[in-house]
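In: Provided below are the primary sequence and the corresponding predicted coordinates.
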Amino acid sequence: MTESEHRTVLLRGGDVHSPADPFATAMVVERGHVAWVGSEGAADAFASGVDEVIDLEGALVTPAFTDAHVHTTATGLALTGLDLSDARTLAEALERVRAHSAARPADRVLLGHGWDAARWPEQRPPSRTELDEATGGRPLYLPRVDVHSAVVTTALLDLVPGVTDLPGYHPDQPLTAAAHHAVRAAAHAAVTPRQRAEAQRAALRRAASLGIGTVHECAGPEISDEDDFTALLALAAEEPGPRVVGYWAEAVTGEKDVRRIRELGAIGAAGDLFVDGSLGSHTAFLHEPYADAGHTGTAHLDAAAVAAHVTACTEAGLQAGFHAIGDAAVSTVVEGVRAAAETVGLARVRAARHRVEHAEMLTPETIAAFAELGLTASVQPAFDAAWGGEDGMYAQRLGAERARTLNPYAAMLRAGVPLAFGSDSPVTPLDPWGTVRAAAFHRTPEHRISVRAGFTAHTRGGWRATGRDDAGTLVPGAPADYAVWRAAELVVQAPDDRVARWSTDPRSGTPGLPDLTPGADLPVCLRTVVSGRTVFVRPNE
């Protein structure tokens, strides 16, 4: 424990979001844990025995957020490099590529992120010829926003012998499947350890500045590499910042695999263990064909492979998990986990809290199965904000009727499915309050949940997804992971989704949260603390 974690701190004069006292205005932190929450008057008894008193000046204190799905190095590279997520046209994207190439003459491979041709008037990705011209013939790796396909230059293809023979290679279209994984590996291999560390620090700094105290790193051999994963865990352990919980997405079949997962420092063989791809890249695995393509996407694992992985992980006491977006992929996971439960017992499977990342296309039957099998849904509400709605990408890919069924958060909560919110950054940005807003104001009204439920999924839900029930709330004994916010007047959301102004009527018994209605200003993070250690303070605050 560091010296700062040993310190006793009294925060007073604000609003403390705590189920222990819905009207708390003060909190004491001692030895990295919450020691007390209560009223301003009672805080006087602690004032003389603490190392520091922080006057909140009316600010709000909440548990720090947990982002349950992050790709940290890729996030940092997007923050410090070529980001096309807000490019308005294909021409603008190509001009940015040209400028980035000119500004980075020493880079062995140019890296970018975030293009989405569905948002451009041209309705097509950049061609290889256009990218070759924009880069002056240099190697370039440019994944689509969902990171399940990429456009590249000829020079990068030349670095990957045999790539043209791999599944997913298309001479005139973005690369997918094995061809995409091969060029991604070649591009990431060109990133130096120094560049990687700079990117990781940039990503963790951004997370801390947004009140995020914990991130779940979803890594694996098809996403990054072991050096990247272990270096990130080491950096996070050595430097102040958000804690990093690591998942390594590789199939487990026996004790040797289990030992390797643990030696890497991962808490589970989970995260992006791909059952399918993504809707944007036409690689999510569907029961019925895409509305704008004559196929049903790509399946990477079958139910037998899912069952083998879950069985081995459950028997080893290791958390398992999968990436599954399409309805056929989700059905595959359910079928496989149910088969594993028949082998090792339903109670053991439920106790392991296995995870499913994204889980977008669910039916009433698969929702019920998630609840039965104790599967945690690690979901990203910002996906709906970005691609939902009658005219969004989901409707283009699936048709409006199927698109309206996606991301049914309300039905999942009613069924008892545990939710953990994340961003999948850099697919969508780190933005916790925006994420809660996206869930509360889902583009499909029947899928909306309360702000309070969304906030819980983005705080306590992330901790529960790792198997811990003792964190994510500000109650005595809990880890002192909290954030201080400048926020507008607090509100309480009623069960019928009406928003009522915060009242001091003790009969309500519910702590307030900021007004997240569309158009309202989101809270601004003033301070982030992890295990009692301050990891971010906003300048001039």
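Out: Good, I have the coordinates. Since the model is a prediction, treat every value here as computed from it, not as a measurement.

In: V427 contacts D146, doesn't it?
Out: Yes - using C-beta atoms under 8 Å, V427 is in contact with D146, at 5.7 Å. For glycine as for every other residue, the C-beta is placed from the backbone atoms N, C-alpha and C.

In: neighbour-wise, which of those two wins?
Out: Neighbour count, other C-beta atoms under 10 Å: between V427 and D146, V427 has more, with 29 against 22.

In: contact partners for that one?
Out: For V427, the contact set (C-beta atoms under 8 Å, 6 or more residues apart in numbering) comprises 145-147, 380, 383.

In: A197: neighbour count?
Out: Neighbours of A197 (other C-beta under 10 Å): 17.

In: tell me which element it is part of?
Out: Following DSSP states H and E, one finds A197 within helix 193-209.

In: again, but for T214
Out: Assigned by DSSP H and E, T214 falls in strand 212-219.

In: ok and that strand relative to helix 193-209, angle-wise?
Out: 140 degrees (axes from the mean of the first three to the mean of the last three C-alpha atoms, to 10 degrees).

In: strand 212-219 pairs with which strands?
Out: strand 65-70 (parallel), strand 243-248 (parallel) (DSSP bridges).

In: can you name the next helix or strand after it?
Out: According to DSSP H and E, the helix or strand after strand 212-219 is helix 226-238.

In: show me the contacts for D146.
Out: Each residue near D146 by C-beta under 8 Å, 6+ apart is listed here: 278-281, 427.

In: go with 10 Å
Out: Contact analysis of D146 by C-beta atoms under 10 Å, 6 or more residues apart in numbering lists 114, 116, 277-281, 283-284, 325, 383, 387, 393, 424, 427-428.

In: not counting sequence-adjacent ones, nearest residue to W36?
Out: V28 (4.2 Å; C-beta to C-beta, 6 or more residues apart in numbering).

In: before we move on, the earlier item: of the strands paired with strand 212-219, which is nearest V484?
Out: strand 65-70 (12.8 Å; C-beta to C-beta).

In: next SSE downstream of that closest one?
Out: Assigned by DSSP H and E, the successor of strand 65-70 is helix 72-80.

In: report the distance from whichever helix or strand comes after that following helix to the chain centre.
Out: The helix or strand immediately downstream of helix 72-80 is strand 82-83, counting by DSSP H and E. Counting by C-alpha atoms, centre = their mean, to the nearest Å, strand 82-83 is centred 19 Å from the centre of its parent chain.

In: show me what strand 82-83 pairs with in its sheet, parallel or antiparallel.
Out: strand 110-113 (parallel).

In: how many neighbouring residues does E52 have?
Out: 11.

In: then S48?
Out: Neighbours of S48 (other C-beta under 10 Å): 8.

In: helix, strand or coil: sort out it for me.
Out: helix (DSSP: H, G, I helix; E, B strand; the rest coil).

In: what's the distance between it and L10?
Out: Here the criterion is C-beta to C-beta, to the nearest Å. By it, S48 lies 10 Å from L10.

In: same check on P432?
Out: From P432 to L10 the distance is 26 Å (C-beta to C-beta).

In: these two: which is more packed in?
Out: Set P432 next to L10 and count neighbours by other C-beta under 10 Å: P432 wins out with 27 against 23.

In: and A190, what is it in contact with?
Out: 107-111, 139, 141, 156, 159.

In: same question, L286
Out: If you count contacts by C-beta under 10 Å, 6+ apart, then L286 has 276, 279, 293, 295-299, 325-329, 361, 397-398, 402 around it.

In: helices - which of those residues land there?
Out: Here DSSP state H is the test, and the contacts of L286 give 327-329, 397-398, 402 as lying in helices.

In: out of those residues, which is most surrounded?
Out: A329 (31 neighbours).

In: wait, that residue sits on L273?
Out: No - look at A329 against L273 with C-beta atoms under 10 Å: they stay out of range, at 11.5 Å.

In: which residues are in contact with each of these two?
Out: Going by C-beta under 10 Å, 6+ apart, residues that sit against A329 and also against L273 are 300-301, 306, 322-323.

In: part of a helix, is W36?
Out: No - W36 is assigned strand when assessed by three-state DSSP, not a helix.

In: verify the contact between it and V9 for me.
Out: No - with contact defined as C-beta under 10 Å, W36 does not reach V9; the gap is 11.3 Å.

In: and L204, what's its pLDDT?
Out: Predicted confidence (pLDDT) for L204: 98.

In: skipping adjacent residues, who's closest to it in space?
Out: That would be G241: by C-beta to C-beta, 6+ apart, it lies 4.2 Å from L204.

In: can you give me the distance of the one you found to A202?
Out: Distance from G241 to A202, by C-beta to C-beta: 11 Å.

In: look at the two and report which has more neighbours.
Out: G241 (24 against 19).

In: next, the contact list for G467, please.
Out: Counted by C-beta under 10 Å, 6+ apart, G467 has contacts 267-268, 319, 351-353, 376.

In: cool, L142 as well?
Out: 82, 84, 93, 97, 110-115, 125-126, 131, 135, 150-153, 156, 174, 187.

In: now the helix or strand containing the residue nearest to W36: average pLDDT?
Out: Following DSSP H and E, one finds V28 within strand 26-30. Strand 26-30 shows a mean pLDDT of 97.

In: partner strands of that strand and their direction?
Out: Sheet pairing for strand 26-30, assigned by DSSP bridges, gives strand 8-12 (antiparallel), strand 33-38 (antiparallel).

In: and of these, who's closest to V475?
Out: strand 33-38 (6.3 Å).

In: what's the closest one in contact with?
Out: Against strand 33-38 from outside (C-beta under 10 Å, 6+ apart): 5, 8-12, 16-21, 23-30, 42-43, 45-46, 50, 61, 63, 471, 473-482, 531-532.

In: go again using 7 Å as the cut-off
Out: Residues outside strand 33-38 that contact it (C-beta atoms under 7 Å, 6 or more residues apart in numbering) are 16, 18, 20-21, 24, 26-29, 474-480.

In: starting at the chain centroid, how far to it?
Out: Counting by C-alpha atoms, centre = their mean, strand 33-38 is centred 29 Å from the centre of its parent chain.

In: following element in sequence after it, please.
Out: helix 40-43.

In: list the buried ones in that following helix?
Out: A43 (16 or more other C-beta atoms under 10 Å).

In: remind me what it packs against, helices and strands.
Out: Applying 3 or more C-beta pairs under 7 Å, 6 or more residues apart in numbering; DSSP states H and E, we find helix 40-43 packed against strand 8-12.

In: list the buried ones in the strand it packs on?
Out: Neighbour-count burial for strand 8-12 [16+ other C-beta under 10 Å]: 9-12.

In: mind listing the helices for the stretch 51-200 of the chain?
Out: For the stretch 51-200 of the chain, the helices defined by DSSP state H, counting those that start in this stretch cover 72-80, 90-103, 128-135, 154-157, 177-189, 193-209.

In: I'd like the strands paired with strand 212-219 as CSV, with distance to T366, mean neighbour count and mean pLDDT appended.
Out: Shown next, in CSV, are these (distance: least, C-beta to C-beta, whole Å; neighbours: other C-beta atoms under 10 Å; pLDDT from 0 to 100):
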stretch, distance to T366, mean neighbour count, mean pLDDT
strand 65-70, 19, 30, 98
strand 243-248, 22, 24, 98
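
In: returning to that earlier point: make JSON lines out of the strands paired with strand 26-30 and add mean pLDDT and distance to P539.
Out: Putting the strands paired with strand 26-30 into JSON lines (pLDDT from 0 to 100; distance: least, C-beta to C-beta, whole Å) gives the following:
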{"stretch": "strand 8-12", "mean pLDDT": "96", "distance to P539": "20"}
{"stretch": "strand 33-38", "mean pLDDT": "96", "distance to P539": "27"}
